[in-house]
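Undergrad: Dropping the sequence and predicted coords here.
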Amino acid sequence: MSTRIKPVEADNASKEQNEVLNLINQKFGRIPNIFALMANSPQSIKGYLAFNEALSNGVLSPQIRERIAIVVAETHLCEYCLSAHVALAKQIGLDDAEIMKARQVQSQDAKIDALGNFLAGLWCSLCNINNPLVYANVFLSMAVSAILASIILYLLLPLINKLEK
């Protein structure tokens, strides 16, 4: 199968591309394929990493952020992203049952379930955030912008993955 975007390989990379590939390798211990694709634009990797770092210091826990990533991957039918985020979710303590619930946009936790309903409503209503769940739940009302930013962050990877095919 021919690809639209070729991954950057170290032996053909520019100096700036090699710098970001080295940064990715240091951060992850390897260079995931998605980042080799993104290395075509080193600025996109730098922006992604900076955005990810900023959100990781925000109001959403790593477990909630991974649930959001799983919902985005599931919604966009991106098996690559789904596999990566399921593995990350397991590393941070989500069990198989909770991961399956996340894939179904559900949770045993009422706050997380409300988040899932919000995400599902967001996708279905083309970003209409006049969802009463947002205002009924203090957790969500404090975290709406963080949730939206996380969606944007995690949406980038499945879109790049689709372009590659």
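TA: Cool, the structure landed.

Undergrad: pull the CA atoms of stretch 80-90 into CSV?
TA: Output of stretch 80-90 as CSV, limited to C-alpha atoms (Å, rounded to 0.1, in the frame of the first residue of the first chain):
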residue,chain,number,x,y,z
TYR,A,80,-3.2,2.6,16.0
CYS,A,81,-4.2,5.4,18.4
LEU,A,82,-6.6,3.1,20.3
SER,A,83,-3.9,0.5,20.8
ALA,A,84,-1.4,3.1,22.1
HIS,A,85,-3.9,4.7,24.5
VAL,A,86,-5.2,1.4,25.8
ALA,A,87,-1.6,0.5,26.6
LEU,A,88,-1.0,3.8,28.3
ALA,A,89,-4.3,3.5,30.2
LYS,A,90,-3.1,0.1,31.6
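
Undergrad: what mean pLDDT does that stretch have?
TA: Stretch 80-90 comes out with an average pLDDT of 93.

Undergrad: State the helix or strand in which residue 72 lies.
TA: Assigned by DSSP states H and E, residue 72 belongs to helix 62-75.

Undergrad: which parts of that helix are buried?
TA: Residues of helix 62-75 classed as buried: 63-75 (neighbour count, 16 or more other Cβ atoms under 10 Å). (Each C-beta comes from the backbone N, C-alpha and C, glycine too.)

Undergrad: Please save the CA atoms from it in PDB.
TA: Taking C-alpha atoms only, helix 62-75 is exported to PDB below (Å, rounded to 0.1, in the frame of the first residue of the first chain):
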ATOM      1  CA  PRO A  62      -3.900  11.100  33.600                       C
ATOM      2  CA  GLN A  63      -6.700   8.500  33.900                       C
ATOM      3  CA  ILE A  64      -9.300  11.000  32.600                       C
ATOM      4  CA  ARG A  65      -7.100  12.200  29.900                       C
ATOM      5  CA  GLU A  66      -6.500   8.600  28.700                       C
ATOM      6  CA  ARG A  67     -10.200   8.000  28.700                       C
ATOM      7  CA  ILE A  68     -10.700  11.000  26.500                       C
ATOM      8  CA  ALA A  69      -8.000   9.800  24.200                       C
ATOM      9  CA  ILE A  70      -9.700   6.400  24.000                       C
ATOM     10  CA  VAL A  71     -13.000   8.000  23.100                       C
ATOM     11  CA  VAL A  72     -11.400  10.100  20.400                       C
ATOM     12  CA  ALA A  73      -9.500   7.100  19.000                       C
ATOM     13  CA  GLU A  74     -12.700   5.000  19.100                       C
ATOM     14  CA  THR A  75     -14.800   7.700  17.500                       C
END
